[in-house]
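In: compute the structure for the input listed below.
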Amino acid sequence: MRDLPKSADLLEWYDRHARKMPWRVGPKDRAAGITPDPYRIWLSEVMLQQTTVAAVQTYFEQFTERWPQVLNLAAAEDADVMAAWAGLGYYARARNLLKCARVVSDELGGVFPQSSSELSTLPGIGPYTSAAIAAIAFDEPATVVDGNVERVMARLFDIHTPLPDAKPELTERAAALTPQLRPGDYAQAVMDLGATICTPRNPACGICPWRAPCMARERGTAVQLPKKKPKKPKPIRFGTVYVARRIDGALLLEQRPDKGLLGGMLGWPGSEWQETETPDHSAPIRAEWKTLPGEARHTFTHFHLRLTVRHALVPMDRQPKIGSFMEASVFEPTDLPTVMRKAFDLYAKR
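Out: Next up is the predicted model:
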């Protein structure tokens, strides 16, 4: 009978090979009595949703330097937080980040709940994030399952059911392996294993601490797993944005509505995004508009976006129908979400 993978083998590997991250309390730190900060764990987990560790680290360091505690973040101006988040994507996360910080600050005295069930009642915290915070910050033996964990479980047990249908079985397998002791380190260890050894392509099976019990390694199917259902091609949407510069250099910007894509972010006034490429007549201010060659192109989770960029120079006394002018000395392109920054880059290179 095949031996099950042992958490002790993985933890022994993790103690020697744990990745260093600015939010992580490593095995040596824990041994010295240093405990994880729930605020930093929560912040990192929200940032890491559908984003890579490499992309998150700089944002995390800037956030924690500016807002070192949840009370600081709760007291921050919405616009400042949204600007600091710009470029990280999935902007609903930033809105929920503020909502959650304010609930913790105003209703919970600045103290995060310790159980995954209580954490899951907070804004923006779903099943994965609540389990990860509870395990890593409070050592609850919660089952933490992200894409890395799914891949490791699929290979360990040679599961060929395609995702997302395989999720319940993979979660069940992951739960069966989660130990009562050091569950936070274990959760991070499985994710590190998936990120560094049990990688999507060319897994390094020869140095894997779970190579002996891995059924996919034995059967030669590791590179095929996990299987996924074919993705439907993403549709294309079209739109127009208007970049108006006043003769003193100020730029016309609008604060987008809180709901929807790019909610709460600064951006250029423009049209709705539609599936047909049709002429737009929604200019935000009367001017002689010129159309730039090329397009600002961006890919969201569910569609590709192609933006036509129109620009104009307007006099000082001209009033916009929407938005307001921002002085050139205050405007920072980095405060814009990526798609709006691409439009500005196209304008700046004209």
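
In: phi and psi next, for the closest residue to Gly184 other than its chain neighbours.
Out: Excluding its sequence neighbours, the residue lying closest to Gly184 (C-beta to C-beta, 6 or more residues apart in numbering) is Ile136, at 4.2 Å. Backbone N, C-alpha and C define where each C-beta goes, glycine included. The phi and psi values for Ile136, taken as degrees, to the nearest 10, are phi -80, psi -40.

In: same thing with Arg297?
Out: In this entry, Arg297 is assigned phi and psi values of phi -110, psi 140 (degrees, to the nearest 10).

In: contacts only, for it.
Out: When the contact criterion is C-beta atoms under 8 Å, 6 or more residues apart in numbering, the partners of Arg297 are His304, Leu305, Arg306, Leu307, Lys342.

In: same thing with Asp106?
Out: Contacts of Asp106 were listed using C-beta under 8 Å, 6+ apart, and they are Ala74.

In: what residues of the helix or strand hosting it count as buried?
Out: Using DSSP states H and E, Asp106 maps to helix 92-107. Neighbour-count burial for helix 92-107 flags 92-98, 100-105 (criterion: 16 or more other C-beta atoms under 10 Å).

In: could I get the average pLDDT for it?
Out: When pLDDT is averaged over helix 92-107, the result is 94.

In: got it, and stretch 121-131?
Out: With pLDDT averaged residue by residue, stretch 121-131 scores 95.

In: return the distance of the nearest residue to Leu261 once chain neighbours are set aside relative to Arg318.
Out: Take Leu261 and drop its neighbours on the chain: the residue closest to it by C-beta to C-beta, 6+ apart is Phe300, 6.6 Å away. For Phe300, the distance to Arg318 equals 33 Å [C-beta to C-beta, to the nearest Å].

In: re earlier: contacting residues around the very next helix or strand once past the helix holding Asp106?
Out: Along the chain past helix 92-107, the next helix or strand (assigned with DSSP H and E) turns out to be helix 116-119. Contact partners of helix 116-119, identified using C-beta under 8 Å, 6+ apart, comprise Phe112, Pro113, Ile125, Thr129, Ser130, Ala131, Ile133, Ala134, Ala135, Glu140, Ala142.

In: touching, the last one and Gln180? I think so.
Out: Read that as Ala142. No. Counting by C-beta atoms under 8 Å, no contact exists between Ala142 and Gln180, whose distance comes to 11.4 Å.

In: so those two - more neighbours on which side?
Out: In this view Ala142 and Gln180 are compared by other C-beta atoms under 10 Å, and Ala142 has more residues nearby, 25 against 9.

In: give the contact list for the more buried one.
Out: Ser116, Ser130, Ala131, Ala132, Ala134, Ala135, Thr178, Pro183, Ala187.

In: from Ser117, how far out is it?
Out: Counting by C-beta to C-beta, the separation of Ala142 from Ser117 is 9 Å.

In: ok, now Thr240?
Out: Here the criterion is C-beta to C-beta. By it, Thr240 lies 47 Å from Ser117.

In: now do the helices in the stretch 101-250 of the chain.
Out: Listed in chain order, the helices found in the stretch 101-250 of the chain under DSSP state H, counting those that start in this stretch are 116-119, 127-138, 147-156, 167-177, 183-196, 215-219.

In: need the ones you listed in CSV (columns: mean neighbour count and distance to Glu295).
Out: What follows is these, written out as CSV (neighbours: other C-beta atoms under 10 Å; distance: least, C-beta to C-beta, whole Å):
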stretch, mean neighbour count, distance to Glu295
helix 116-119, 18, 42
helix 127-138, 24, 35
helix 147-156, 24, 31
helix 167-177, 16, 37
helix 183-196, 22, 35
helix 215-219, 17, 43
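
In: tell me, how many residues neighbour Pro257?
Out: Neighbour tally, Pro257, other C-beta under 10 Å: 10.

In: right, I'll call it a day here.
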